[in-house]
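Engineer: Sequence first, then the predicted structure, then my questions.
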Amino acid sequence: MERIDTALSKWDGNDELQKRLDRAKDALLESPYIIRFLDEHPNVTSEMVSTGLNKLYEYKKERENCDNCPGLERCPNLMQGYQPELYVDRKHLELRYHACSLKVQAEKQKQEQTLIQSLYIPKEVLSASFEQLDHGTDRMEASRAALHFAMNAKPGEDGHGLYLYGKFGVGKTYLMGAVANELKDRGIETFIIFAPDFFREMRQSISDGSFQEKLEAVKKAQVLILDDIGAETTSSWTRDDVLGAILQHRMLEKLPTLFTSNYDYDELERHLAYSDKGGTEELKAMRIMERIKHYTEAIMVKGENRRS
């Protein structure tokens, strides 16, 4: 956009220049935006107006763009998504910019989206909501418990979570997606992770040096959702050094952990007792399960396989 003083300087030294300048100035001062500003600032002098013509012109142009807003992505302003504010500073007219309502809303949505971190979770799960859930009698108890948790969770004060178990395809994961979105609206950070792929990635991360960083992120999430726990190939390392370390930290810091599984408590304990070294390690599995049982409420999710 060509500055008004630059455009007018092409006729410098010519009588025509003064006439053009006067006409441009008169047209500018007739703008309702400028009239309103001058009415609100009676101390603005003619000299301040003359020296600040370019600022007045920019203000008028940008405000016109805002009043005829074509949307954030097509915003024609010099600073996309920002509105100008004209003010007086030491007897000079100055401009500063503030984010418009569309920009503020876009930034809010972007910030909210970062509150849900996911690994290997389908997109439809991440967009789940309680309004969209099928509240049939088969899932009524689980839906109520999930909504109650989402509305009342207090990470750092209360570390209790949920343990949803049931057959394949009954909607356990989708229900957790609704929990994560409700928590997002409350400004609570949630990690929702597909357990089998997560444990596989943690083993691979040892070689690239990212193991500790990833472990710390999951340990410290305000709310952690471990989806399909028990579907992973069990090893003493994933049980003790990954899952055990995560649960121990979260228990001490009172950070809620939620689980979905095809196993009930007893079945998961038997699964965790398996040792890749041969035989079973029932005591170690029992220690893990004591942490899970003490800090979760087990609810069976019934219903038909919705994936069929």
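Structural biologist: Structure's in. What do you need?
Engineer: looking at the protein, which helix or strand is least sure?
Structural biologist: Scoring the helices and strands of the chain by mean pLDDT, DSSP states H and E places helix 4-8 at the bottom, with a mean of 53.
Engineer: burial count for residue 302?
Structural biologist: 16 (other CB atoms under 10 Å). The C-beta positions use only the backbone N, C-alpha and C, and glycine is treated the same way.
Engineer: Report the secondary structure state of it.
Structural biologist: The three-state label given to residue 302 by DSSP: H, G, I helix; E, B strand; the rest coil is coil.
Engineer: which ones are touching it?
Structural biologist: With contact set as CB atoms under 8 Å, 6 or more residues apart in numbering, residue 302 has these partners: 138, 139, 166, 170.
Engineer: Looking at those residues, spot the one nearest residue 178.
Structural biologist: residue 139 (11.3 Å; CB to CB).
Engineer: Does the closest one touch residue 175 like I think?
Structural biologist: Yes: between residue 139 and residue 175 there is a contact under CB atoms under 8 Å: 7.4 Å.
Engineer: which neighbours do those two share?
Structural biologist: By CB under 8 Å, 6+ apart, the residues touching both residue 139 and residue 175 are 133, 301.
Engineer: how about the helices in the stretch 101-250 of the chain?
Structural biologist: Along the stretch 101-250 of the chain, counting by DSSP state H, counting those that start in this stretch, helices occupy 101-113, 123-126, 140-152, 172-185, 195-208, 211-220, 236-237, 244-253.
Engineer: Turn the contacts of residue 302 into TSV, columns for distance to residue 41 and neighbour count.
Structural biologist: TSV is the format used below for those (distance: CB to CB, whole Å; neighbours: other CB atoms under 10 Å):
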residue	distance to residue 41	neighbour count
138	67	17
139	62	24
166	68	21
170	66	24
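Engineer: would you turn those into JSON lines with pLDDT?
Structural biologist: JSON lines is the format used below for the contacts of residue 302 (pLDDT from 0 to 100):
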{"residue": "138", "pLDDT": "72"}
{"residue": "139", "pLDDT": "80"}
{"residue": "166", "pLDDT": "93"}
{"residue": "170", "pLDDT": "85"}
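Engineer: Can you tell me which of those comes closest to residue 21?
Structural biologist: residue 139 (74.1 Å).
Engineer: what's near enough to touch that closest one?
Structural biologist: Residue 139 touches 133, 170, 171, 175, 301, 302, 303, counting by CB under 8 Å, 6+ apart.
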